[in-house]
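Novice: sequence-free structure coming up:
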């Protein structure tokens, strides 16, 4: 059991009860007599399954409504009670509230749960619980989750997040899918979550809203004001180019006799991230090879970064790889991202074009994806363990680390220190702020980009303009 913590939120919850979500089809007041004393615990079981499907990215995306949600036994014991949690799970299964896959692997997979057939896919409603012991455990767990956020810039972003509001018109709300309505309700009810993944990316309610249905961004508010989104154009290709140049610069820092040749002026290039083996003068992407494109007279990496900063990389590749007939977004997601994050040779035409014009970049991609770097154990349904090579994930992880370090630690960190009164929230490679602070945030972003030698385009999306165009400005 958690050590309890005295906190104003906890005391308020103990006085008024806590509000949880459960399917409309489940009425906790009509439980069989032998299960009535588990009323609040059963509501919590339904609540945690519903919420995890929204909050945990591993339970989203391609997974269907029928997918199981992994719940750690340690968490269930701490919430429901060490002596009680198995009885609660058994009761939930008996009354058809949940189903279990009855499958776990020590330290690798926790048991999966999903709502029962009667309740799966149903709308939800709010139910108030008053079990003091359960409320205390839940609020204590939430406070301890906050304490895990130790970096100042993350605490700063989380504090701003908890003041975000949402103002979705009733007709728009009614037309949303059930899960989107729940995401809106989370913000309305101030039920926020804030997590940082292994690669520095921050995942929040705002990120969920933005990624699942971008049109909901325009209804986000801070202090009653609509927000403005400042987005880095071509961010993934940009950070790939910066990453390649960083590796080339690091290999050029030592002269042939081992002495320091030069240093970079910007601390961003000292980001603590896993590095690939340092190239030698004879390696494929050595800075000494003098590769120049005969058409432009420029080094192919400089030419690549020039196209990225001009916003014309995708158009250039479409024309030269024979994909001019595709929509830009279709090419970006179906071809370029597959080339970058999947098998580089998935699109042979694109690979040949990239190899022809940008050999330095392609050599770096190939080396970063070399097999044998990331081997993960997997388990078949029959329990047999096999090893899966996920080395192709090395490059996207490094790009994500560089992106998050720049956006969060560099830009947001500076904004926190120099402009602590300016509201900011991140959506991975973009920053949300209020209209009066757009130029401040944009100026800091451009200054930090200039410090690392690039000048990308920043796309400004003013949601107040969108609201006015839709006739739903408040």
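Specialist: Right, received. Where do you want to start? None of the values given here were measured: they were computed from a predicted structure.
Novice: where along the stretch 1-150 of the chain do the helices fall?
Specialist: With helices called from DSSP state H, counting those that start in this stretch, the stretch 1-150 of the chain shows them at 8-16, 39-55, 73-80, 85-94, 132-147.
Novice: How is the protein divided into domains?
Specialist: Split into domains by automatic domain parsing, the chain comes to 1-146, 149-474.
Novice: Among the helices of the stretch 1-150 of the chain, which comes closest to residue 300?
Specialist: helix 39-55 (42.8 Å; Cβ to Cβ). Heads up, the C-betas are built off the backbone N, CA and C, glycines and all.
Novice: CSV for the helices of the stretch 1-150 of the chain, including distance to residue 308 and mean neighbour count?
Specialist: What follows is the helices of the stretch 1-150 of the chain, written out as CSV (distance: least, Cβ to Cβ, whole Å; neighbours: other Cβ atoms under 10 Å):
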stretch, distance to residue 308, mean neighbour count
helix 8-16, 46, 13
helix 39-55, 34, 22
helix 73-80, 43, 17
helix 85-94, 52, 17
helix 132-147, 38, 16
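Novice: among these, which is nearest residue 191?
Specialist: helix 39-55 (8.1 Å).
Novice: what about that closest one, distance to the chain center?
Specialist: 22 Å (Cα atoms, centre = their mean, to the nearest Å).
Novice: Equivalent analysis for stretch 190-198, please.
Specialist: On Cα atoms, centre = their mean, the centre of stretch 190-198 falls 10 Å from that of its chain.
Novice: buried stuff in that stretch?
Specialist: 191, 192, 193, 194, 195, 196 (16 or more other Cβ atoms under 10 Å).
Novice: swap in stretch 356-372?
Specialist: 357-369.
Novice: Then stretch 118-128?
Specialist: Neighbour-count burial for stretch 118-128 flags 119, 124, 127 (criterion: 16+ other Cβ under 10 Å).
Novice: Inside strands: which ones of those?
Specialist: 124, 127 (DSSP state E).
Novice: Residue 22: which of the buried residues of stretch 118-128 is nearest?
Specialist: Out of those, the member with the shortest distance to residue 22 (by Cβ to Cβ) is residue 127, at 5.3 Å.
Novice: Put together a markdown table for the helices of the stretch 1-150 of the chain, with distance to residue 240 and mean pLDDT on each row.
Specialist: A markdown table is the format used below for the helices of the stretch 1-150 of the chain (distance: least, Cβ to Cβ, whole Å; pLDDT from 0 to 100):
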| stretch | distance to residue 240 | mean pLDDT |
| --- | --- | --- |
| helix 8-16 | 43 | 59 |
| helix 39-55 | 30 | 91 |
| helix 73-80 | 38 | 92 |
| helix 85-94 | 46 | 95 |
| helix 132-147 | 33 | 88 |
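Novice: Would you format those as CSV with distance to residue 401 included?
Specialist: Below are the helices of the stretch 1-150 of the chain laid out as CSV (distance: least, Cβ to Cβ, whole Å):
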stretch, distance to residue 401
helix 8-16, 34
helix 39-55, 23
helix 73-80, 28
helix 85-94, 37
helix 132-147, 23
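Novice: can you give me the helices for the stretch 201-350 of the chain?
Specialist: Under the criterion DSSP H, counting those that start in this stretch, the stretch 201-350 of the chain contains helices at 205-212, 235-252, 300-310, 313-321, 328-331, 337-341, 348-357.
Novice: To residue 457, which of those lies closest?
Specialist: Comparing these under Cβ to Cβ, the one sitting nearest is helix 300-310, at 7.1 Å.
Novice: Buried residues of the closest one, list them for me.
Specialist: For helix 300-310, by 16+ other Cβ under 10 Å, it's 300, 301, 303, 304, 305, 307, 308, 309.
Novice: isn't the third one right next to residue 357, touching?
Specialist: Yes. Between residue 303 and residue 357 there is a contact under Cβ atoms under 8 Å: 7.2 Å.
Novice: Where does the prediction get shaky in the stretch 51-200 of the chain?
Specialist: Across the stretch 51-200 of the chain, the ranges flagged by pLDDT under 70 are 57-66.
Novice: if we can go back for a sec, report the lowest-confidence entry in the buried residues of stretch 356-372.
Specialist: pLDDT across the buried residues of stretch 356-372 is at its lowest for residue 369, which sits at 77.
Novice: I'd guessed that one sits against residue 395; true?
Specialist: Yes. Under the criterion of Cβ under 8 Å, residue 369 makes contact with residue 395 at 5.8 Å.
Novice: Tell me how far the closest residue to residue 463 other than its chain neighbours lies from residue 437.
Specialist: Using Cβ to Cβ, 6 or more residues apart in numbering and skipping the chain neighbours, the partner closest in space to residue 463 is residue 218 (3.9 Å). Distance, residue 218 to residue 437, using Cβ to Cβ, to the nearest Å: 18 Å.
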